[in-house]
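A.B. asks: A predicted structure for the sequence below; I have some questions about it.
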Amino acid sequence: DAAEKGGYPDFMLKEIYEQPRVVRDTLAGRLAGGALAIDELGLTLEELNLIDRVYVIACGTSYHAGLVAKNLIEGWARIPCEVEAASEFRYRNPIITTSTLVVAVSQSGETADTLAAIRDARIKGAKVFGITNVVGSPVARESDGVIYTKANKEVAVASTKSFIGQVVSLTLLAMLLGQVKGRLSQAQVRLLFRELGDTVQQIQRILDQQRPAIHDAALACKDASSALFVGRGMGAAISYEGALKLKEVSYLHAEAYAAGEMKHGPIALIEPGFPVIAVATKSPTYDKTVSNLKECEARGASLIVVATEGDKDICAIADHVIYVPAVRDAFSPITATVPLQLLAREVALLRGCDVDQPRNLAKSVTVE
Ligand code: G6P
């Protein structure tokens, strides 16, 4: 067991530290002769060009990777994209035609609801791509094409490195769709690809430098009975993942909200010392998020903010700042998720929880 953990105290930490490698391996060989190469997609460029609607279907953490993908696919390819829990998708009657692309995201490749949704979508004529971590898994076998996330075996029940592999894979898919639809030039794709590659070092820098700040932030959460995660845009998408991670491993109740929605309910929760964890990296909505955070601060919240390196202003309102390198907003989930994973783990350890095997949870859910 100790050997398998490679010197780390638990698998969760080991897997968080593997993330730079996961990004590197997921990108390896994907740019050939200046163009994106995803040969396993199983569709011709003509077929891809006909796609006019995308559904991303998944469960749990994989669903949150889908929230990131929606922003990218709509932003770069201008194709309407919905993200849906597979357990919902399979029991309604979604609008599917032969020009619909269903992207099924599943670490294990064997989640019952995701598989059922794939089967249903194919019967209705959709093209299906699988994004999975397990070679030859049912999701891989039953999809028209597949992208493997190259995370390697993930042991900790709460998913970390697989999420990063999923986000990178979905980013590549969104870039490809953008290129096929003529919305991204080859030069833009090459630039994006280069910046994606830079996230390898950027994640490493977070791992190397931010642990002490994350530990201090965890101390501020450990005795709370609830916590609120907020952000806008990409920051909202990863807030959902941050809240899920915290719930899964620390049993501390957490919920995530789009920051602009706080006034419509969650702000009522805030009293002195209530932990609010915000993703407020530099983005087009940064100022809006900061004004939401000021409202939390005025009510005495204990404010933990994931911010962009160099953002000194945020210190005026935040109790704890965790810095991540500056990246374009599209890539912020790849970096800004990392501190949220580490925070969840630290809080769990401070509360005496088993971070690798949380109670009541299974690594894969193969029955309904
Ligand atoms: C379980 C796991 C989660 C995972 C979810 C979806 O709930 O504990 O970590 O995100 O299933 O699994 P999948 O293998 O389909 O990504």
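C.D. replies: It's in. Numbers count the residues shown, from 1 in each chain.
A.B. asks: OK, contacts around the residue minimising distance to the centre of the chain?
C.D. replies: Compute the mean C-alpha point of the chain, and by CA atoms, centre = their mean the closest residue is residue 65, 4.0 Å away. Neighbour list for residue 65: 58, 105, 131, 163, 166-167, 170 [criterion: CB atoms under 8 Å, 6 or more residues apart in numbering]. Every residue, glycine included, has its C-beta placed from N, CA and C.
A.B. asks: keep only those of those that are in strands.
C.D. replies: Of the contacts of residue 65, the ones assigned to strands by DSSP state E are 58, 105, 131.
A.B. asks: any idea which of the residues you listed has the most stuff around it?
C.D. replies: Sorting these by how many neighbours each has (other CB atoms under 10 Å) puts residue 105 first, at 35 neighbours.
A.B. asks: what does this protein have sitting close to the ligand?
C.D. replies: For the chain, the contact set with the ligand under CB under 6 Å from any ligand atom comprises 59-62, 106-108, 111, 114, 157-159, 361, 363-365.
A.B. asks: which ones among these map onto helices?
C.D. replies: 60-62, 114 (DSSP state H).
A.B. asks: ok, now which ones touch the residue of the stretch 1-150 of the chain found nearest the ligand?
C.D. replies: The ligand sits closest to residue 60 of the stretch 1-150 of the chain, with a gap of 2.7 Å, by CB to the nearest ligand atom. By CB under 8 Å, 6+ apart, the contact list for residue 60 reads 159, 244.
A.B. asks: how far away is it from residue 333?
C.D. replies: 16 Å (CB to CB, to the nearest Å).
A.B. asks: which non-adjacent residue is nearest residue 6?
C.D. replies: Among residues not flanking residue 6 along the chain, residue 14 sits closest, at 5.6 Å (CB to CB, 6 or more residues apart in numbering).
A.B. asks: typo on my end, it should be residue 362
C.D. replies: residue 157 (7.0 Å).
A.B. asks: buried residues of the helix or strand hosting residue 344, list them for me.
C.D. replies: Using DSSP states H and E, residue 344 maps to helix 332-350. For helix 332-350, burial by neighbour count (16 or more other CB atoms under 10 Å) applies to 332-349.
A.B. asks: before we move on, what about stretch 186-203?
C.D. replies: 189, 192-193, 196, 199-200, 202-203.
A.B. asks: got these as JSON lines, with distance to residue 151 columns?
C.D. replies: Below are these laid out as JSON lines (distance: CB to CB, whole Å):
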{"residue": "189", "distance to residue 151": "24"}
{"residue": "192", "distance to residue 151": "21"}
{"residue": "193", "distance to residue 151": "20"}
{"residue": "196", "distance to residue 151": "16"}
{"residue": "199", "distance to residue 151": "15"}
{"residue": "200", "distance to residue 151": "14"}
{"residue": "202", "distance to residue 151": "18"}
{"residue": "203", "distance to residue 151": "13"}
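A.B. asks: would you show me how to pick out the buried ones of the residues of the chain next to the ligand in ChimeraX?
C.D. replies: In ChimeraX, this line selects whichever of those come out buried by 16+ other CB under 10 Å:
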select :59,60,61,62,106,107,108,111,114,157,158,159,364,365
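A.B. asks: pull out the buried positions in stretch 76-93.
C.D. replies: 76-77, 79, 81, 83-87, 89-90.
A.B. asks: now intersect these with the strands, please.
C.D. replies: Going by DSSP E, the strands hold 81, 83-85 from the buried residues of stretch 76-93.
A.B. asks: report the longest helix in this protein, please.
C.D. replies: Longest helix in the chain, counting by DSSP H: helix 186-209.
A.B. asks: now do the helices in the stretch 251-368 of the chain.
C.D. replies: 286-298, 332-350 (DSSP state H, counting those that start in this stretch).
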